[in-house]
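Participant: sequence below, structure please.
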Amino acid sequence: MEWLSTLTKSDGSDPPRTVTLTGKVNGKTATMSLASLSQVAKFDSKTDSFYTFIKEDDYNDQKKIVGENVM
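Facilitator: This next block holds a predicted model:
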């Protein structure tokens, strides 16, 4: 909770790549940025249009979500 209450955002010189969030954690300043998060985990940079989103009603019918050559 401490992190959220002290959180400030800086856009940097080239948003969204340079956006940082800075806050206090246990009395120390902590900064979260795309660069620091990328050290922890890989992030997907593809746009939404790259993916096929399945309608909720189609989850119950495997023929609609799985190609014939897959199963």
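
Participant: below-threshold pLDDT in the chain: ranges please.
Facilitator: 1-4, 43, 62-71 (pLDDT under 70).

Participant: could I have the CA atoms of the longest helix seen in the chain written out in CSV?
Facilitator: If you go by DSSP state H, the chain has its longest helix at helix 34-40. Taking C-alpha atoms only, helix 34-40 is exported to CSV below (Å, rounded to 0.1, in the frame of the first residue of the first chain):
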residue,chain,number,x,y,z
LEU,A,34,9.8,-0.7,-19.1
ALA,A,35,13.5,-1.3,-19.0
SER,A,36,13.5,-2.5,-15.3
LEU,A,37,10.5,-4.7,-16.0
SER,A,38,12.1,-6.2,-19.1
GLN,A,39,15.0,-7.4,-16.8
VAL,A,40,12.4,-9.4,-14.8
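
Participant: and that helix, what's buried?
Facilitator: For helix 34-40, a neighbour-count test (16 or more other Cβ atoms under 10 Å) marks nothing as buried. The way it works is simple: take the backbone N, C-alpha and C, and place the C-beta from them, glycine included.

Participant: can you give the contact residues for it?
Facilitator: 16, 17, 18, 19, 43 (Cβ atoms under 8 Å, 6 or more residues apart in numbering).

Participant: tell me the one of those nearest residue 32?
Facilitator: Closest to residue 32 out of those is residue 19 (9.4 Å), distances taken as Cβ to Cβ.

Participant: which ones are touching that closest one?
Facilitator: 9, 10, 11, 12, 33, 34.

Participant: only whichever of those are buried, select them in ChimeraX.
Facilitator: The ChimeraX command for the buried members of the contacts of residue 19 (criterion: 16+ other Cβ under 10 Å) is given here:
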select :33
